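1. Got a predicted structure plus its sequence, pasted below:
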Amino acid sequence: MRIIGLTGGMAAGKSTVATLFRRAGVPVFDADACVRRLQGEGGKALPLIEQIFPGTVVEGRLDRGALREIVRTRPDALKRLEAIMHPLVRAERARFLKQCRARKEPFCVFDIPLLMEIGEDRRCDLVVVAEAPMSTRLSRIRQRGRSGARMSMTDAKRLLKRQMSDHERRRRADIVIRTGLSRGHAARQVHALLHRLREAS
């Protein structure tokens, strides 16, 4: 079974590409969704989070606002939170891989926002990067503001500057899927990639 790593910068269209893989019948491990489950009501991460950050779990639910404030104001908090979450996510990913192998799937996808930053690209047979023009990404980010408020252009650019550069992602990618034109254009690229992989296998 070949593992396809999927990543991309904020608002680059990674989720769209992941959906296209799913619709083509390829199993996808969604790291963000996994984190939400682990931190959701009854999630495995909650007791550990409450132990390290008392008061952040109230009546069995994570107070995300309180946790965000702790991460924002305490220099060591993010690393401590990652030390909780990363092993749990790795275990879920291993379970996903085991299930795929048991079903004899020819391919699976790791949809991981920080695929390269955490070194998981080295475990993949092929790395796919979703990419969109910067103007498109800025527009998408600004529309994601909390409480319906439109984010300022300055704040949107600041968010993007914190991430790995598009140039570096392209340099380390095997395939770049461009999502800035239309969903149909992105779908044709995904289908062409899967066709090539199936022909080669």
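-> Received it, and whenever you're ready, just let me know what you need.
2. can you dump the C-alpha coordinates of the helix or strand of the chain with the lowest mean pLDDT into CSV?
-> Within the chain, no helix or strand scores below helix 153-161, which has a mean of 71 by mean pLDDT, DSSP states H and E. Written as CSV, here are the backbone C-alpha positions of helix 153-161 (Å, rounded to 0.1, in the frame of the first residue of the first chain):
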residue,chain,number,x,y,z
MET,A,153,-5.8,42.0,5.5
THR,A,154,-2.9,42.7,7.9
ASP,A,155,-4.0,39.9,10.3
ALA,A,156,-4.5,37.5,7.3
LYS,A,157,-1.0,38.2,6.0
ARG,A,158,0.4,37.8,9.6
LEU,A,159,-1.1,34.3,9.8
LEU,A,160,0.4,33.2,6.5
LYS,A,161,3.9,34.6,7.5
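3. Show me the contact partners of it.
-> Gly9, Met10, Met134, Arg137, Leu138, Ile141, Arg142 (C-beta atoms under 8 Å, 6 or more residues apart in numbering). All C-beta spots, glycine's among them, are computed from the backbone N, C-alpha and C.
4. and stretch 17-36, how far out from the chain's middle?
-> Put simply, stretch 17-36 sits 9 Å off its chain's centre (C-alpha atoms, centre = their mean, to the nearest Å).
5. and it, which residues are buried?
-> 17-21, 26-31, 34-35 (16 or more other C-beta atoms under 10 Å).
6. which stretches of this protein aren't confidently modelled?
-> Counting by pLDDT under 70, the chain has low-confidence residues at 144-152, 156, 159.
7. Now do the strands in it.
-> For the chain, the strands defined by DSSP state E occupy 2-8, 28-30, 57-58, 61-62, 107-111, 126-131, 175-178.
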